[in-house]
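> Based on what follows, work out the 3D shape:
(2 chains)
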There are 2 protein chains.
Amino acid sequence: MIRIGIYGYGNLGRGVEKAVKKNKDMELVAVFTRRDPKSLVIDTPTAKVVNINDVLNYKDKIDVMVICGGSATDLPEMTPALAKNFNVIDSFDTHANVPSHYNNVNNSAEVTKHVAIISVGWDPGMFSLNRCIMSAVLPDGKDYTFWGKGVSQGHSDAIRRIKGVIDARQYTCPVEKALEEVRSGKNPELTTREKHTRLCYVVAKEGADLARIEKEIKEMPNYFADYDTTVNFISLEELKKNHSGIPHGGFVIRSGKTSDGVNHIVEYSLKLDSNPEFTGSILVTYARALKRMYDRSDYGCKTVFDVAPKDLSKESYIDLLKHTL
Amino acid sequence: MIRIGIYGYGNLGRGVEKAVKKNKDMELVAVFTRRDPKSLVIDTPTAKVVNINDVLNYKDKIDVMVICGGSATDLPEMTPALAKNFNVIDSFDTHANVPSHYNNVNNSAEVTKHVAIISVGWDPGMFSLNRCIMSAVLPDGKDYTFWGKGVSQGHSDAIRRIKGVIDARQYTCPVEKALEEVRSGKNPELTTREKHTRLCYVVAKEGADLARIEKEIKEMPNYFADYDTTVNFISLEELKKNHSGIPHGGFVIRSGKTSDGVNHIVEYSLKLDSNPEFTGSILVTYARALKRMYDRSDYGCKTVFDVAPKDLSKESYIDLLKHTL
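Model (predicted):
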């Protein structure tokens, strides 16, 4: 049995807990929380709830710690710190800061002989895997990543900070016309605006200036100004009824040629009912590979690029040859 | 430079040659042929054309031998034999015989300290990779493989053997309705007939009994009897004009849930202008990984399940972290 710890119990932590239940070779040992453990009810009766201050008591009781924190401030601190005492895995997703996060985590893990895998999820993660393999197979080509239709937590939060807004949900949507152009093998150059639109459902306070709120959203730099944005004002009841899920998804497409006029399209797509549950499932799958790498003394910081597919699978190698190859 | 040999110069061998040209870290050293080398004109002026009887002269001049033979009779002989003196890679695709082929090749490669990678292509190959990873991530699910629209060489050959047939081209086509059902997350049970149809273009001899030919095709066991088959008689000119390409493609879809009512769809699809050129590109990409495994003394027989994605890429690890993750 692979003994799993979950560090942080938000949406992602709960997704990891659900994923552990689906894998008979794993057990959840403990959930670590900043909150008062007594105040937290988890979904696994056999697992402990422990305050993060007591985490070192679990040093020899956990094979892989799945760190479920945010990329902005939590993970840059937590992952290198925990890698000194645990094998760790995280879903760090600030693309620009990956190299420095990698170095920090690697320094901790190598010295203390642990394995860490960072940036595991679907993007970065599954999408990165496909970008890597596809661009190697079709070097004379171009790849495209589209996201959605799905909820962007960061953009929803940005709308909530506007005066007069009670709650909001923002969907990132790929532009169908751009997708079709890419699939046709035309290798178009696409601007930010041509690739995605932003669709917002906003609950405003009674009497709020809706025109002003809409303008503030649409003109918000980085978040909305470069996109065609649609703002719909709805009631709180409607938001709760129709927009409480956290679906997401996207597409990675590689279009490339192997000789003059001979083109190939490789497409990988996801349609996810729940972003945190799917991300949790990927984390748990890579936790399995992590344990095997640790057992082989293959220490240090890794990413999805380092993991051989057979190490992700519960199946024996001979069964993979027989039934999956 | 990775020094490549091509063993067998049919459609696939020519595809490998084109792929080598697209990769600046590789050079084609020689093409090995059963034919008289003088009779063979290849597309790489710097490479030698050599009779297969002289292959051992190249023992230290080639890093990876790409074996481009058929799975029925060529590869079961060639791959284990060549693995005694070379690092080898093949696209063996008789799924049922993979375990015995693996054992034969492994016995040769392990003893003589070579690396062999078998069954590299898109199915087996890229599709296997996706089946392996997706079923690990979504264990509570089901996967579906569809092929086409594309030319099946085996089925085209079967038609050509019928009395009165001059030439033929058979396309395997996925059934759109079945694809849509799978994408909807319904996890349907699909029969052979429900998944694919077969579309045949046949050139018949003048005065041949077309009704009899059509009946023989449609009732041919294993090949056509279990499918809805359409037979179109066309002229030789039309066949040459409209059906001389070797396009192919297909879909691997995993549909699975992470908790009650929470479903996810992962889809990987290929749309290929040329089956042998794309397969050649995959072989060459895995030849790069093979060379690195050999340099690490990681000997024996491997498959796509053993190869870490970073070993497929020309990019440095830090560049992969910066630009691809």
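
> Residue A:267 is in what secondary structure piece?
Assigned by DSSP states H and E, residue A:267 belongs to strand A:262-272.

> and if you look at residue A:285?
Going by DSSP H and E, residue A:285 is part of helix A:275-295.

> cool, and residue A:169?
Taking DSSP H and E as the definition, one finds residue A:169 inside strand A:165-174.

> Could the C-alpha coordinates of the following helix or strand past that strand be exported in PDB?
As assigned by DSSP H and E, the chain's next helix or strand after strand A:165-174 is helix A:176-183. The C-alpha coordinates for helix A:176-183 follow below in PDB (Å, rounded to 0.1, in the frame of the first residue of the first chain):
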ATOM      1  CA  GLU A 176     -14.300  27.500 -32.300                       C
ATOM      2  CA  LYS A 177     -13.200  29.200 -35.500                       C
ATOM      3  CA  ALA A 178      -9.600  29.300 -34.300                       C
ATOM      4  CA  LEU A 179      -9.700  25.600 -33.300                       C
ATOM      5  CA  GLU A 180     -11.100  24.700 -36.800                       C
ATOM      6  CA  GLU A 181      -8.300  26.700 -38.500                       C
ATOM      7  CA  VAL A 182      -5.700  24.900 -36.500                       C
ATOM      8  CA  ARG A 183      -7.300  21.500 -37.200                       C
END
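
> Report the contact partners of the nearest residue to residue A:107 once chain neighbours are set aside.
Spatial nearest neighbour of residue A:107, excluding adjacent residues (CB to CB, 6 or more residues apart in numbering or on different chains): residue A:80 at 7.1 Å. Glycine gets a C-beta too; all of them are placed from N, C-alpha and C. Contacts for residue A:80 (CB atoms under 8 Å, 6 or more residues apart in numbering or on different chains) come out as A:104-105, A:107-108.

> Please identify the residues of the stretch 51-200 of chain A in proximity to chain B?
A:95, A:98-99, A:102, A:119, A:124, A:126, A:128-133, A:135-140, A:183 (CB under 8 Å from any CB of the partner chain).

> From those, which land in helices?
In helices, judged by DSSP state H, the following of these are found: A:98-99, A:102, A:126, A:128-133, A:135-137, A:183.

> would you list those in JSON lines and tack on pLDDT and neighbour count?
What follows is these, written out as JSON lines (pLDDT from 0 to 100; neighbours: other CB atoms under 10 Å in any protein chain shown):
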{"residue": "A:98", "pLDDT": "96", "neighbour count": "22"}
{"residue": "A:99", "pLDDT": "97", "neighbour count": "14"}
{"residue": "A:102", "pLDDT": "98", "neighbour count": "23"}
{"residue": "A:126", "pLDDT": "98", "neighbour count": "24"}
{"residue": "A:128", "pLDDT": "98", "neighbour count": "26"}
{"residue": "A:129", "pLDDT": "97", "neighbour count": "24"}
{"residue": "A:130", "pLDDT": "98", "neighbour count": "27"}
{"residue": "A:131", "pLDDT": "98", "neighbour count": "24"}
{"residue": "A:132", "pLDDT": "98", "neighbour count": "23"}
{"residue": "A:133", "pLDDT": "98", "neighbour count": "24"}
{"residue": "A:135", "pLDDT": "98", "neighbour count": "23"}
{"residue": "A:136", "pLDDT": "98", "neighbour count": "25"}
{"residue": "A:137", "pLDDT": "98", "neighbour count": "27"}
{"residue": "A:183", "pLDDT": "96", "neighbour count": "16"}
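
> roughly how far is the helix holding residue A:285 from the heart of the chain?
Put simply, helix A:275-295 sits 12 Å off its chain's centre (CA atoms, centre = their mean, to the nearest Å).

> Okay, buried residues for it please.
A:275-294 (16 or more other CB atoms under 10 Å in any protein chain shown).

> do stretch A:167-174 as well
Those would be A:167-174, for stretch A:167-174 by 16+ other CB under 10 Å.

> Just the helices from the stretch 1-150 of chain A, written as ranges.
Ranges of helices in the stretch 1-150 of chain A, per DSSP state H, counting those that start in this stretch, are A:11-21, A:74-82, A:98-111, A:126-137.

> relative to helix A:74-82, how tilted is the longest one?
It refers to helix A:98-111. Angle of helix A:98-111 versus helix A:74-82, following axes from the mean of the first three to the mean of the last three CA atoms, to 10 degrees, is 20 degrees.

> swap in the last one?
Using the same axes, to 10 degrees, the interaxial angle of helix A:126-137 with respect to helix A:74-82 works out to 80 degrees.

> and the contacts of residue A:80, which are buried?
Neighbour-count burial (16+ other CB under 10 Å) is assigned, among those, to A:104-105, A:108.

> Could you export these to JSON lines, including columns for pLDDT?
Compiled in JSON lines, the buried ones among the contacts of residue A:80 are given as follows (pLDDT from 0 to 100):
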{"residue": "A:104", "pLDDT": "98"}
{"residue": "A:105", "pLDDT": "98"}
{"residue": "A:108", "pLDDT": "98"}
